[in-house]
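Enquirer: Mind folding the following:
(chains A and B)
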Amino acid sequence: MSVSPAVPSTRANQPQRGWYKRNEIAITPWLFLLPAMIFFAVYVIMPIGQSFWISFHEWDGLGEKTWVGTAHYERLLGWGDANIDRKFETSFWNNLRWLVLYLLAIPAGLFIALFLNQTVTGIRFYKSMFFFPFVISQVVVGLVFSWFYLPREGLLNAVLGIFGAGPVNILGDPSLATYGIIAAGLWPQTAYCMILYLTGLNAVDPEQVEAARLDGAKGHKMLWYVILPQLKPATFIAFVVTIIGALRSFDLISVMTNGGPFGSTRVLSFYMFEESLSEFGFRMGFGAAIAVVLFFIMLGFIAYFLYSMYRDEKAAQ
Amino acid sequence: MFPTPLAKTSRTWQISYQVLLPFALIVWLLPLIAVANFSIKPEADFVNGNYWGLPSSFEAFSNYGKVFFESNMPRYLINSLFITIPTVIGAVALSCMAGFALGVYKFKSNLPIFFIFIAGNFVPFQILMVPVRDLTVSMNLYDTKTGLVLFHIAFQTGFCTLFMRNFIRALPFPLIEAARVEGISEWRIFLFVVLPLMKPALAALAVLIFTFIWNDYFWAVVLTQGPDAQPVTAGITEFNSQFRAAYHLMSAGSIVAALPPVVMFFLMQKHFIAGLTLGAVK
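Expert: Here you go, the predicted structure:
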């Protein structure tokens, strides 16, 4: 990489100084960057390329890799005469369900933030208690919700019973299980979006609100035309973290259903793990191919996020 | 202020708000309250079908005592600490330096490098899984805390660098220029001018990374196995199979596993939220 000193060396007229001193401003940033760049390159950047490479091989993780070309992708996507991989199909549709339903965390978070954006005694306590689920590990959230859903012992069916609704076995029903897990995931995610919006609401310009009030704006019109535009940065971050969170969903599925019942709650990240590191065997090559597909799905979002951030960065300069 | 401050609304809404608030909180935390209730019940309550009523006797000491003295839980908790704390120190140290380089100096590849760090953050874990596991095995670090720590430091550096760089950007640049005019060397400027100003950022990052790493599950199952190195998030599965269907013990175990980040959050709430909402306000 080329090093170009942005600041012209003003010390050139001091020849008695050493080479390092003369180039200090050009060299220092690289010295400071080096450790982070090495770590990041070895553990994050290079593995992406390696996964691509491995996905073209048959590999058990120990022995020799055998080149199989695009065979894994053909099997996954059902190119040629093969049918689309059933488990892949289920996982893909579940990923879409996660993506769409997870986005509910954003309006839900906004709603709670609006509800809590008051100054009454003890409101700080309420805000932190509402935020609290986000701090708990997803594993524990998963356990808590799987007990909440238990058909006999769970509190959910007790509450449903009060309203006369019959007992449901959410995690045991293939058509409901995924939604049950998504609901569990929405709990901490809504808390996160709520805190983003609370911070955003704090910074809303009070003069604009007063001016709009004088003009007769109130209720949802005020929210839509005056408040939400000012909350745009908060919404952007909420969108980024929710999309990434939805596509990363793994812990909850692994803890709550382990992919079942009958594989109905698999998503790509879970399917990948199952193929490459579980009792079903170590099919690293096939697993890597699933990871690559997931990577390309995410890449669309990543490109959009980076583009937005890049635009802001350019505008700030 | 939006919505309309309570003081300026009707009396009826003021009263209903005060009633609604605690009610909404209870509904919101219901699953958690149920588990906390489970964890202080005697076993007899589960046999008699008293699942969601009040405990018939207060058994918190014996339930939590079992977690601490009759299971591997303490070992898992200690492992979690020995994974989390070195990661926090490592990731914060690396990203302080990288953030300083990207925030203070102007050079051609500054922005591209910054965006590589951001992009790495968003990558799905699964695309790193096979190569990172392979690398860890080949360094003889599989099933060690060190192996897990090294990966966590590397991955968290992405987010931390984004955070640090933006924080340093907001510092008054004339301060650094003044130091340069005085002839102070660059690394001294970092140590004695910039670093002292970064204390709030350091605190915010430290609590955030602590929480992220403590709660990590995926990498714990990929890079470790067994009670020698596994953190508590992965250990809880083994704990639950030891006490299968003993809900009072399983819920006590989960609460213990979840507690350290919760304590951290309540102690350092201001920093935690400042870190989490970075960029939510322009």
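
Enquirer: correct me, but A:Ile181 touches A:Phe250?
Expert: No. At 10.8 Å, A:Ile181 and A:Phe250 do not qualify as touching, with contact defined as C-beta atoms under 8 Å. Every C-beta, even on glycine, is put in place using the N, C-alpha and C of the backbone.

Enquirer: So for the two, which sits in the more crowded spot?
Expert: A:Ile181 (27 against 21; other C-beta atoms under 10 Å in any protein chain shown).

Enquirer: Okay, and the more buried one sits in which element?
Expert: Using DSSP states H and E, A:Ile181 sits in helix A:177-202.

Enquirer: what residues are up against B:Ile189?
Expert: B:Ile176, B:Ala179, B:Arg180 (C-beta atoms under 8 Å, 6 or more residues apart in numbering or on different chains).

Enquirer: where in chain A is pLDDT low?
Expert: For chain A, applying pLDDT under 70 flags the ranges A:1-16, A:81, A:280.

Enquirer: Buried residues, stretch A:103-123. List them.
Expert: For stretch A:103-123, the neighbour count (16 or more other C-beta atoms under 10 Å in any protein chain shown) marks A:103-106, A:108-110, A:112-118 as buried.

Enquirer: Does B:Leu141 touch B:Val149 like I think?
Expert: No. Using C-beta under 8 Å, B:Leu141 makes no contact with B:Val149, being 9.3 Å away.

Enquirer: Those two - which one has more neighbours?
Expert: A direct count of neighbours by other C-beta under 10 Å for B:Leu141 and B:Val149 places B:Val149 higher, at 23 against 19.

Enquirer: from memory the more buried one sits against B:Leu81, does it?
Expert: No. The criterion here is C-beta under 8 Å, and B:Val149 misses it with B:Leu81 at 11.6 Å.

Enquirer: need the buried residues of stretch A:103-123 in TSV with secondary structure and distance to B:Leu197, can you?
Expert: Output for those, formatted as TSV (DSSP: H, G, I helix; E, B strand; the rest coil; distance: C-beta to C-beta, whole Å):
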residue	secondary structure	distance to B:Leu197
A:Leu103	coil	38
A:Leu104	coil	40
A:Ala105	helix	35
A:Ile106	helix	34
A:Ala108	helix	37
A:Gly109	helix	32
A:Leu110	helix	34
A:Ile112	helix	35
A:Ala113	helix	31
A:Leu114	helix	35
A:Phe115	helix	37
A:Leu116	helix	32
A:Asn117	coil	31
A:Gln118	coil	34
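
Enquirer: what's the closest of those residues to B:Tyr76?
Expert: Nearest to B:Tyr76, judged by C-beta to C-beta, of those is A:Ala105 at 30.2 Å.

Enquirer: If we ignore the residues flanking it in sequence, what's nearest the closest one?
Expert: Sequence neighbours aside, A:Gln189 is the residue nearest to A:Ala105 in space, at 3.9 Å (criterion: C-beta to C-beta, 6 or more residues apart in numbering or on different chains).

Enquirer: B:Leu171 too?
Expert: That would be B:Leu197: by C-beta to C-beta, 6+ apart, it lies 5.6 Å from B:Leu171.

Enquirer: how many neighbours does the one you found have?
Expert: Counted with other C-beta under 10 Å, residues neighbouring B:Leu197 total 14.

Enquirer: Compute the number of surrounding residues for B:Thr144.
Expert: By the criterion of other C-beta under 10 Å, B:Thr144 has 16 neighbours.

Enquirer: Identify the residues contacting A:His72.
Expert: By C-beta under 8 Å, 6+ apart, the neighbours of A:His72 are A:Ser55, A:Phe56, A:Gly285, A:Phe286, A:Ala288, A:Ala289.

Enquirer: Appreciated, that's everything.
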